[in-house]
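Chemist: quick one: sequence and predicted model below, then my questions.
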Amino acid sequence: MKYRIKNGHLLLYSDNKFQIKKDDLFVNGTTIEAVGGNSIKDHEKYEEIDADGNLVMPGLINSHTHAYMNFMKNSADDMPFDKWLFNKIFSVESKISRPDFYWTTLLGCIEMIKTGTTCYLDMHICEDECAKAAKDSGMRAFIGKCIVGTDLYADGYDSFKKALNEKDTYESDLLKFVLSPHSVYACSSALLKQISNESQKRNMLKHIHLSESKKEVEDCLAEHGKTPVELLTSIGFLDSKTISAHCVNLNYNDICALRKNQASVVLCPSSNAKLGNGIAPASNMLKDEINVCLGTDSSASNNTLNMFREMSVFSLINKAANETATGFSANTVLECATINPSIALNMKNKIGVISEGACADLVFVDLKSPSIFPNNNMVSSLCYSANGSEVKSVMINGNFVMRNGVLTTIDSEKVYYEINRIVNTYL
Ligand SMILES: [Zn+2]
């Protein structure tokens, strides 16, 4: 399809700043063909979309989540982190029948689309079903089956094979696959080294939980005499293909090692706050020019996949912790949800930005929404005022997955019906 998106306020990015420009936007197939119409002939061949009264922004990128867990929101709150994970979450997950992961993942996709996320980095535990849901949703996703254990190639241990089979079956323009070792506490050093080698060999990104809780760091020090970051550095795991989620409990040397190895970091401030894991040293990371991205983590620990809320929490929690009103500006925070993830995911200038040649991943925000009206500063309003309800339409890779509030790829009533059954069965 060809679209001429007319009269919208476009959220553009140049010289490290977001700015608004009222102009037309031309979409041809999967990509943005032109910002402004001077170079376009045959305007009549484009379907016109009136975007007057809309802010048209690049889709938000949720850089760490487990979409399939969305049915668990508010089912395990106010519990200590290790009890929450080992006694509650792992126990529920182990009971779920495979086909049900399809529905639970779609529930995650519904929430993300409706709140302006067009791309997510997913760590899941059920190959095929989670990828199939991502495919059917029309979302852009980077997907990895969670890998735990001691030896990637051990007899009878087929997580790695399954992860690769899933990649062969589902990889497309929209779906890419990553290697997802769970953490230093769920994977042996030997296994992490094997994954690192496979990542080099296959040119695949690596996605891992890192230094999430104090206990993780203490246990790692007791077992290896190294912090989790030092351990990963010592086996050559950290590099520009590494996307490390959480990174809450870091010392200064850890931060230097992340920077030196060009690893990206995904901060999940709501999840870390809720589970009592603390506040990541984001100020030092940004100062040291680490590529900082934002993620919601799962709905079992957040309890939402709403990136607008995550941006707001990230800014406010860090302003408070650092006693600064000027740091963690709306511009910086928005970069962490758009530009920076595009670098982490090896999609720079392709996603997270409105520019010629970029993928047509666009979110239409209704500027007359009470939460953001009047529009005194549209960049600020996205960080501090928006709650996701302002999102009117969402286009991913040139296709509308939601148009004027109506989902076009997912039958939400069918999903809610299945989720009610799943909740009654497992929770
Ligand atoms: Zn996680």
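Modeler: Looks like it came in fine. What you are looking at is a predicted structure, and each value in this text was computed from that prediction instead of being measured.
Chemist: list the buried residues of stretch 314-328.
Modeler: Within stretch 314-328, the residues that qualify as buried are 314-315, 317-319, 321-322, 328, counting by 16 or more other CB atoms under 10 Å. Bear in mind the C-beta positions are built from the backbone N, C-alpha and C, glycine included.
Chemist: now swap in stretch 1-18 and tell me
Modeler: Buried-residue list, stretch 1-18, by 16+ other CB under 10 Å: 3-13, 18.
Chemist: let's see it as PDB, backbone CA atoms only.
Modeler: Output of stretch 1-18 as PDB, limited to C-alpha atoms (Å, rounded to 0.1, in the frame of the first residue of the first chain):
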ATOM      1  CA  MET A   1       0.000   0.000   0.000                       C
ATOM      2  CA  LYS A   2       1.000   3.600  -0.500                       C
ATOM      3  CA  TYR A   3      -0.100   6.200   2.000                       C
ATOM      4  CA  ARG A   4       0.000  10.000   2.100                       C
ATOM      5  CA  ILE A   5      -0.300  10.900   5.700                       C
ATOM      6  CA  LYS A   6      -1.400  14.600   5.500                       C
ATOM      7  CA  ASN A   7      -1.100  17.500   8.000                       C
ATOM      8  CA  GLY A   8       0.300  15.500  10.900                       C
ATOM      9  CA  HIS A   9       2.700  16.900  13.500                       C
ATOM     10  CA  LEU A  10       5.700  14.700  12.800                       C
ATOM     11  CA  LEU A  11       8.100  13.800  15.600                       C
ATOM     12  CA  LEU A  12      11.500  14.000  13.800                       C
ATOM     13  CA  TYR A  13      15.000  13.500  15.200                       C
ATOM     14  CA  SER A  14      18.200  15.300  14.300                       C
ATOM     15  CA  ASP A  15      21.300  16.600  16.100                       C
ATOM     16  CA  ASN A  16      20.300  14.500  19.200                       C
ATOM     17  CA  LYS A  17      17.000  16.300  19.500                       C
ATOM     18  CA  PHE A  18      13.400  15.400  18.900                       C
END
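Chemist: what about that stretch, distance to the chain center?
Modeler: 22 Å (CA atoms, centre = their mean, to the nearest Å).
Chemist: what of stretch 227-234?
Modeler: Worked out by CA atoms, centre = their mean, stretch 227-234 lies 24 Å from the chain centre.
Chemist: give me the contact list for it.
Modeler: With contact meaning CB atoms under 8 Å, 6 or more residues apart in numbering, stretch 227-234 is reached by 183-184, 189, 192, 208, 210-211, 216-217, 220-221, 224, 226, 238, 242, 250-251, 253-254, 257-258, 261.
Chemist: quick one: which of those residues sit in helices?
Modeler: Within those, residues falling in helices by DSSP state H are 189, 192, 216-217, 220-221, 224, 253-254, 257-258.
Chemist: quick one: secondary structure of residue 231?
Modeler: Recorded secondary structure, residue 231: helix (DSSP: H, G, I helix; E, B strand; the rest coil).
Chemist: relative to residue 120, how far out is it?
Modeler: Separation of residue 231 from residue 120 (CB to CB, to the nearest Å): 27 Å.
Chemist: cool, residue 413 as well?
Modeler: Distance from residue 413 to residue 120, by CB to CB: 23 Å.
Chemist: lowest-pLDDT helix or strand in this structure?
Modeler: helix 81-82 (a mean of 82; mean pLDDT, DSSP states H and E).
Chemist: which outside residues touch that one?
Modeler: So helix 81-82 is in contact with 212-213, 215, 275-277, going by CB under 8 Å, 6+ apart.
Chemist: which residue packs closest to residue 217, ignoring adjacent ones?
Modeler: residue 249 (4.8 Å; CB to CB, 6 or more residues apart in numbering).
Chemist: now do the phi/psi pair for the closest residue to residue 45 other than its chain neighbours.
Modeler: Nearest non-adjacent residue to residue 45, counting by CB to CB, 6+ apart: residue 2, 5.8 Å away. Dihedral pair for residue 2: phi -120, psi 130, per degrees, to the nearest 10.
Chemist: which ones are touching residue 2?
Modeler: Applying CB under 8 Å, 6+ apart to residue 2 gives the contacts 26-29, 33, 45-47.
Chemist: what of residue 286?
Modeler: Counting by CB under 8 Å, 6+ apart, residue 286 has contacts 292, 332.
Chemist: confidence score at it?
Modeler: Residue 286 is assigned 96 on the pLDDT scale.
Chemist: is the spatially most central residue of the chain bridged to anything, and to what?
Modeler: Relative to the mean C-alpha position of the chain, the nearest C-alpha, by CA atoms, centre = their mean, is the one of residue 62, at 1.9 Å. On the basis of DSSP bridges, residue 62 is bridged to residue 120.
Chemist: that one touches residue 297, doesn't it?
Modeler: No - under the criterion of CB atoms under 8 Å, residue 62 makes no contact with residue 297, lying 9.3 Å away.
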